[in-house]
Every structure is written in structure tokens, then in C-alpha cells.
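Engineer: Got a sequence here, can you build the structure:
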Amino acid sequence: MTVREAEHAITVHAPAAEVYRLLAEVENWPRLFPPSVYVEYLEREGTKERIRIWATANGEAKNWTSRRDLDPEGLRITFRQEVSAPPVAEMSGTWIAEPRGERETYLRLLHTYRAVDDDPEGLDWIDRAVDRNSREELPGVKAGLEETSRTTELTLSFEDSVQVDGSAKDLYDFVNEADRWTERLPHVSTVTLTEDTPGLQVLRMDTRAVDGSTHTTESVRVCFPHHRIVYKQTTLPALMTLHTGRWDFRTGPDGTVTATSQHTVVLNPDTITTVLGPDAGIPEARTFIRDALGANSRATLEHAKRYAEERR
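Structural biologist: The predicted model follows:
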């Protein structure tokens, strides 16, 4: 049995403990890993975890399950794919955050793997894939880690909610059936929705802003009937470097139904004056994004509310 090992590394300008924390908390992954859309915990016991990951690969949405073992003292995270796809028979690895002074980390990414039936061609394919993916992934991770640990003023999170005299399922259906948004939502002009795997969608659409301008966005959406839809934009307006969000539909103990739209955005400081004018800064960009995204979300929530209440 032939087992291969590979190592890739990069220097991150952030404290090692902070680098470890950001990698350990999977809710950060959509911000740190460009292909990552959403991660959820399936099991957690002490330092051992089982997680499910949704991500894009070669333009397609994929998901898989991994097990992790956290070592906060050693600043190490060991992971193993639960079910690997051929030609990979087994794949595991380790993230190691090595301190290089107070503000610098040498981040190492180790992989250990073998091919199905010890096939030499399969092993060569894995060699190339691990090397290519690691070389592409690490600069993005470095950028995400440095940005996240350096500043909070470029990041904003907010949500809008409505109370609905209807069912959570009807609310969910309204948001899930985005291919019908051009007939249901006045601010959406064109939509393309692809769902090759049930519950895993790619949504491309043109939306009109309050000022009349039109923006094209593309998102990967993960749908959990009939209570939540999470998404990450993969094609972004110029003012953002990240946009993730979710739709939640909850029924309270008293039967009250609440629909909520949540957004997390990271601003692109280099485009603020281009988009908003020479006198604009970060405060103006934060206000603009809050108003623009909030207006569209509230419009969608109100139309979903009407849709659900008409079906009572």
C-alpha cells in the first residue's frame, strides 16, 4: 500500500493563536476559504468533531463530511475525509499554526493520502490535485486570515424580520422557488436557477437597486426544508469582497411564524470612491450596503409574507 505525504506552507501576518481560532471555528470558513459556502457541525464531543462542508469545485457545488481533532495547545487541527471520491481511497491532513513572533504565523498544511487499488495513474492525479489545490488555497486563506484579524470596520452583519400569519413551509417555498422571482419580485429582472443536486442551488440573477441601477450576482445556496436557506455570493458587486447570508423561517412555541433575512458583508475599500463618489468613505459604504441589501430583503420578506398568508 503506497501512502503519499505532501506539505505546503505560507506566512500569515497575524498571531498564531488567532490563526488557529479562525480555522477551528467553522463558521468562519466561507470568509477564509473562497470555495467554501457553508459548514455545519454534525457531532461535537470535546476536541473531536464531525462536520459537513458545502463548497464549489470547478464551478459546481459539492458537499462532503469530514472528521476533525482539535489541539488548541499545539495549535494543530487534524482532519480526515469520511468518504473519499475515487481515485482517492483515503485522505487526511493537518493544519499547524507555528508562531513566528507576536504578529506572524508560519501556517503549514499537511496531506496524507493513497489511491484506490494503489493505481499509479490515480496516485499521480491526486499528487497534482493536492499540489494545485493547496497552492491556490493558501494565498486565499492567508488573505482571509489577515483581513479578519486586522479589521472589523469593513465587516457588517445585519438582519430584517417579519411576523407572518401563515406557515413556515409556504415562506420557505417562496424563497426556495427563486426561478419564479421575476414574476413574484419587482426588483428582480432576470433569473437562472440550477439545481443538479436536490437542495444545492446555483442562482444567477439581475436585481434593480433603489437608485435604478442593475446588478448581476451569482450565489450558491444550500437549502434545508422547510426552515433555512443559506448562501454565498460567488459573483459580487464591486463594493464587496464577501457576501454571505441566510433565510430563516421559524415557528415559535405560541405558533407565531417569523421570517428573517440575515447578511454578512465585507467591504472592498479600494472601490468605495469609484462606486459612491470621491467624498465617500467606509461609513458611507456601510450605510449604502445596509440600505440597499436591506431594501431588497425587506421587499422579498413582504412578498413572501403575502404569499404565505394568502395560502392559509
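
Engineer: What's the separation between the closest residue to Asp69 other than its chain neighbours and Ser66?
Structural biologist: Spatial nearest neighbour of Asp69, chain neighbours left out: Thr78 (4.5 Å); criterion: CB to CB, 6 or more residues apart in numbering. No exception for glycine: its C-beta is placed from N, CA and C like everyone else's. Counting by CB to CB, to the nearest Å, the gap from Thr78 to Ser66 is 10 Å.

Engineer: Counting neighbours, which bits of the longest helix seen in the chain end up buried?
Structural biologist: The single longest helix within the chain, with elements called by DSSP state H, is helix 120-150. Within helix 120-150, the residues that qualify as buried by neighbour count (16 or more other CB atoms under 10 Å) are 122-123, 126, 130, 134, 137-138, 141-142, 144-145, 147-149.

Engineer: Looking at those, which is nearest Thr56?
Structural biologist: Glu137 (12.5 Å; CB to CB).

Engineer: what sits against that closest one?
Structural biologist: Shown in contact with Glu137 (CB atoms under 8 Å, 6 or more residues apart in numbering): Phe33, Pro35, Leu109.

Engineer: Tell me where the stretch 1-150 of the chain has helices.
Structural biologist: All helices of the stretch 1-150 of the chain, identified by DSSP state H, counting those that start in this stretch, fall at 16-24, 29-32, 120-150.

Engineer: Please save the CA atoms from the helix or strand just after the longest one in PDB.
Structural biologist: This points to helix 120-150. Counting by DSSP states H and E, the next helix or strand C-terminal to helix 120-150 is strand 155-164. Backbone C-alpha positions of strand 155-164 (Å, rounded to 0.1, in the frame of the first residue of the first chain) are rendered in PDB as follows:
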ATOM      1  CA  THR A 155     -17.400  43.900   8.100                       C
ATOM      2  CA  LEU A 156     -21.000  44.400   8.800                       C
ATOM      3  CA  SER A 157     -23.800  41.900   9.700                       C
ATOM      4  CA  PHE A 158     -27.500  42.700  10.000                       C
ATOM      5  CA  GLU A 159     -30.900  41.200   9.700                       C
ATOM      6  CA  ASP A 160     -34.500  42.000   8.900                       C
ATOM      7  CA  SER A 161     -37.600  40.100  10.100                       C
ATOM      8  CA  VAL A 162     -41.300  40.000   9.600                       C
ATOM      9  CA  GLN A 163     -44.100  38.200  11.600                       C
ATOM     10  CA  VAL A 164     -46.300  36.100   9.400                       C
END
